[in-house]
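[1] With the input below, show me the fold.
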Amino acid sequence: MMGPGWYLRRLSRMGPAEVAGRARHAVVQRQWRSALPTPPDWPSHPRFTATLPAGVLGKVSGEAVKRLLATADELMAGRAEYFGVERTDFEAPDWFLDPKTGRRAPSDVYAFDVPYRSEDTVGDIKQIWEPSRHQHLTVLAAAYALTGSSAYAARAAEHLRSWWAANPPLRGPHWVSGIELGIRLLSWVWTRRLLDGWPGAAELFEQNPDFQLQLWHHQNWLATLRSHGSSANNHVIAEDAGLLAAACAFGWFPESAGWRAAAMRSLDVQLGRNTFPSGLNAELASEYHGLVLELGLAAAIEADAAGTPVPASTWDVLLRMTDTLASIVDNRLRPPRQGDADDGFGLIVDGASTDRWASLLGSGEALFGRLDWWPPTPGDDVRTPLLASLVSRTPRASGVRPGRRPAHLRDAGMTILRSGPLWVRCDGGPHGFLSIAAHAHADALSLEVRHDGVDVLADPGTFCYHGEPQWRSYFRSTLGHNTLELAGRDQSISGGPFLWTRHAVTKVLEVHTPESGPARWSAAHDGYAPAVHRRTVELDGDVLKIVDEVLGERSPGAARLAFHFGPSVTVMLDGTTARLRWTAAPDGADSFAGEGRSAGSPVVRGGRAADSAAAEGRTSSLTGGGNKPGSAAAGGRAGSQAADPLVGRVSGSLAGVVRTAVMELPAGLSWTVHRGAAEPPLGWYSAGFGRKEPATTLVGSGSPGHLTTLLRFS
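    I've put the predicted structure just below:
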């Protein structure tokens, strides 16, 4: 639970209008506690008409169907995985159970009394909420639509009836957060659409009083308690998208027309506010770019199919987001790993092994057309032909599309340097979005470096939100990124797990990104004022040069320069020379399978919890894993591990080419090696939410000055 100090810090980030709005919401919640709002009479013979056009299912590729059915069959066997925890109870799931802690959230408590932030009371709320987004039901419904097998439809119906019975309006944890209600509504729209033709579809939905009650209360909640102010980030997009889609597909209430109009207006405004003019999501959290784009496309297409006018400005934002996604991915179609990531998806109708980012680009190509500089995409997902079939006309977008691949997104401060298989992301942007910067990390001037899609210098990721504050702090910290820490503190000041009270200000000083030849980037930030950290990066062929300078008259304190390596990379440290080695994927294969990239990753096949105690403590005998940072065993001095100086491990298939690089580290710092340390955390990589694994981190400690690092790829 949050203490009084957090509430005061949170209040300090609100303006008067937001405070007044939250007061109004509190009044509504108090009224609902004593008397639920009363839904209107249900129409006597509602009809569902938002069906797929005839013949569209035949356009789905055989490979896409195969991947979908593999995931659907795992669900039918009762197996699903959420955030690294495998569940085997999915034939008849307990909607309130957190399988990670074994705790069960209270189900018969007024929703706004549920202490959902307290893991000690309710368990990990993400583990409880995620199955109730009902995105596994859209997978089952898609399997029915593509095979005609009624078993998939019957299982989806069982889960819906079970959930509706267990979750009466405004009771329990599933009525607390608007983003959950919005995504759930979108799932219901697509579940009904994909079950069309199944004999029990009408009885399950439009002829079912339980569904009628749930549908109205979901929409009324979203229309009444929409997120606003400093919380108007991806949450409000999900709320608007769900309300709009449901009011279009299930437009049977007297309020439906008003809900449609209000949700469309709000979605148009909020998409604009949540997106830089360059097209990048303003939260500067790469996965949320994907979430918002998925939600925006699904909602706009739903409105268009229902004949609700979609403003040109909405299509324009979605087009810019799509082009920007195409511009920032590496040559394996992986986007950056910037900021928070929680494996959130807007709409899932594909199998777990379908590439999420390729699917999004495929949908963008079908809707807007591809540009010559776009990377090639497979174009074999389920979602793209279904979405495209619902659009009544070619989306109108008035913006001018870039004639060449953008390398520098000025407003977002993101720069991508490229040279052959090398991809380098340089971070010179704002510290997150809105006054709380909820999903930002203290990562100013940090880098990501990939070679043919393999993380060489990696952003370690996110791992968790609630319940494990030490890990939340580490994965958001300055030391937890490829940048420079001064005086043992973060560049920006945290006030809570989704709250920053002081934001470092970053300014890009120079960008030179020619189509061929050396590229250069330079930026600085004031997070350690009066000292200034300035970083310059040059990429010339297969050589990357990084220069860090601390400017100012007063000493800012001791420095720690961190370099975090991807889990595929082994590191041999000899003095100030680090030799790197990894195995590249064979041509045509994914370079790193554990990246959380699939279009259906909230429900994946097989596997086990990647963050089990065994995995967490399992370190090579070569690493001294789990030692305190700076200890002799964890250190990387020449001769400290005489048996074998390699630190790290190679993961994945060995059926590829071994790649190497040499890193010359600043001689003015004292270098140590860390891997899988827990007290305090250091040397970890999180491929997806709820999952972490040991990875090698080099830390150079000493006095700041002119620090030069060279990374040469061979």
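[2] For the particular helix or strand that has Gly272 in it, name the packing helices and strands.
    Counting by DSSP states H and E, the element that carries Gly272 is helix 256-273. In terms of contacts (3 or more CB pairs under 8 Å, 6 or more residues apart in numbering; DSSP states H and E), helix 256-273 is packed against helix 209-224, helix 234-249, helix 286-305, helix 312-328. For every residue, glycine as well, the C-beta is placed using N, CA and C.
[3] Pick the most buried one from those.
    Highest mean neighbour count among the helices and strands packed on helix 256-273 (mean count of other CB atoms under 10 Å): helix 234-249, with a mean of 28.
[4] Can you name every helix or strand that it contacts?
    Secondary-structure packing of helix 234-249 (3+ CB pairs under 8 Å, 6+ apart): helix 178-194, helix 209-224, helix 256-273, helix 286-305.
[5] Figure out which of the ones you listed is closest to Pro131.
    Among the helices and strands packed on helix 234-249, helix 178-194 comes nearest to Pro131, with 10.6 Å by CB to CB.
[6] Tell me where the model's unsure across this protein.
    In the predicted model of the chain, residues 1-2, 6-7, 394, 396-398, 586-655 satisfy pLDDT under 70.
[7] rerun that using 50 as the cut-off
    Filtered on pLDDT under 50, the chain yields the residue ranges 591-597, 599-654.
[8] farthest residue from the center of it?
    Most distant residue from the mean C-alpha position of the chain: Ser44, 42.2 Å away (CA atoms, centre = their mean).
[9] wait, is it part of a helix?
    No: under DSSP: H, G, I helix; E, B strand; the rest coil, Ser44 falls outside any helix and is assigned coil.
[10] Distance-wise, check it relative to Pro335.
    Between Ser44 and Pro335 the computed distance is 49 Å (CB to CB, to the nearest Å).
[11] Could you do Ser34 as well?
    47 Å.
[12] and these two? which has more neighbours close in?
    Shown here are Ser34 and Pro335; by other CB atoms under 10 Å, Pro335 has more neighbours (20 against 7).
[13] helix, strand or coil for the more buried one?
    coil.
[14] excluding its backbone neighbours, what's nearest it?
    Ser286 (4.7 Å; CB to CB, 6 or more residues apart in numbering).
[15] Pull the contacting residues for the one you found.
    Shown in contact with Ser286 (CB atoms under 8 Å, 6 or more residues apart in numbering): Ile328, Pro335, Pro336, Arg337, Gln338, Gly339, Ala341.
[16] any idea which of these has the most stuff around it?
    Using other CB under 10 Å as the neighbour test, those are led by Gln338, with 29 neighbours.
[17] Was I right to think that residue contacts Ala444?
    No: between Gln338 and Ala444 there is no contact under CB atoms under 8 Å: 11.4 Å.
[18] What separation do you get for the residue farthest from the centre of the chain and Ala201?
    Applying CB to CB to Ser44 and Ala201 gives a distance of 18 Å.
[19] Test my guess that Val449 contacts Met663.
    No: proximity of Val449 to Met663 does not meet the contact threshold set by CB under 8 Å, at 10.2 Å.
[20] Need the overlap of contacts for those two.
    Residues within reach of Val449 and of Met663 at once, by CB under 8 Å, 6+ apart, are Leu711.
[21] which of these two has more neighbours?
    Taking other CB under 10 Å, Val449 and Met663 do not tie; Val449 has more neighbours (26 against 22).
[22] wait, what's in contact with that one?
    Applying CB under 8 Å, 6+ apart, the residues near Val449 are Leu422, Trp423, Val424, Asp455, Val456, Leu457, Asn482, Leu544, Leu711.
[23] can we see that at 7 Å?
    Val424, Val456, Leu457, Leu544, Leu711 (CB atoms under 7 Å, 6 or more residues apart in numbering).
[24] ditto for Pro106
    Val114, Gly172.
[25] let's go with 8 Å and repeat that
    With CB under 8 Å, 6+ apart, Pro106 has these contacts: Phe96, Val114, Val122, Gly172, Pro173.
[26] ok so it is a strand residue?
    No: assigned with three-state DSSP, Pro106 falls outside any strand and is coil.
[27] That one and Pro99: what is the separation?
    Counting by CB to CB, the gap from Pro106 to Pro99 is 17 Å.
[28] quick one: contacts for Leu194?
    Counting by CB under 8 Å, 6+ apart, Leu194 touches Leu52, Thr138, Ala141, Ala142, Tyr144, Ala145, Val349.
[29] hang on, the fourth one packs against Leu68?
    The one in question is Ala142. Yes: between Ala142 and Leu68 there is a contact under CB under 8 Å: 5.9 Å.
[30] give me phi/psi at Gly557?
    Backbone torsions of Gly557, given as degrees, to the nearest 10, read phi 100, psi -180.
[31] burial of the residue lying closest to it once chain neighbours are set aside, as a residue count?
    Spatial nearest neighbour of Gly557, excluding adjacent residues (CB to CB, 6+ apart): Ala487 at 3.2 Å. By the criterion of other CB under 10 Å, Ala487 has 13 neighbours.
[32] and if you look at Val505?
    15.
[33] so it touches Ala524, yeah?
    No: Val505 is beyond contact range of Ala524, at 9.5 Å (criterion: CB under 8 Å).
[34] that older thread, which one among the contacts of Val449 gets closest to Glu515?
    Val424 (15.8 Å).
[35] quick revisit: same list (the contacts of Val449) but as a markdown table, adding neighbour count.
    A markdown table is the format used below for the contacts of Val449 (neighbours: other CB atoms under 10 Å):
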| residue | neighbour count |
| --- | --- |
| Val424 | 24 |
| Val456 | 26 |
| Leu457 | 27 |
| Leu544 | 25 |
| Leu711 | 24 |
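[36] want to throw these into TSV with secondary structure?
    TSV is the format used below for the contacts of Val449 (three-state DSSP):
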residue	secondary structure
Val424	strand
Val456	strand
Leu457	strand
Leu544	strand
Leu711	strand
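[37] And these, which is closest to Ala64?
    Val456 (31.8 Å).
[38] And the closest one, how close does it get to Leu698?
    Taking CB to CB, one finds Val456 at 12 Å from Leu698.
[39] who touches both of these two?
    Counting by CB under 8 Å, 6+ apart, the residues touching both Val456 and Leu698 are Phe565.
[40] follow-up on the earlier one: and the residue nearest to Gly557, what is it in contact with?
    Tyr528, Pro556, Gly557, Ala558.
[41] Could you identify the buried members of the residues you listed?
    Buried members of the contacts of Ala487, scored by 16 or more other CB atoms under 10 Å, are Tyr528, Pro556.
[42] In strands only, show me the contacts of Ala487.
    Counting by DSSP state E, no part of those is found in strands.
[43] Let me know the closest of the contacts of Ala487 to Gln214.
    Using CB to CB, those come closest to Gln214 at Tyr528, 51.7 Å.
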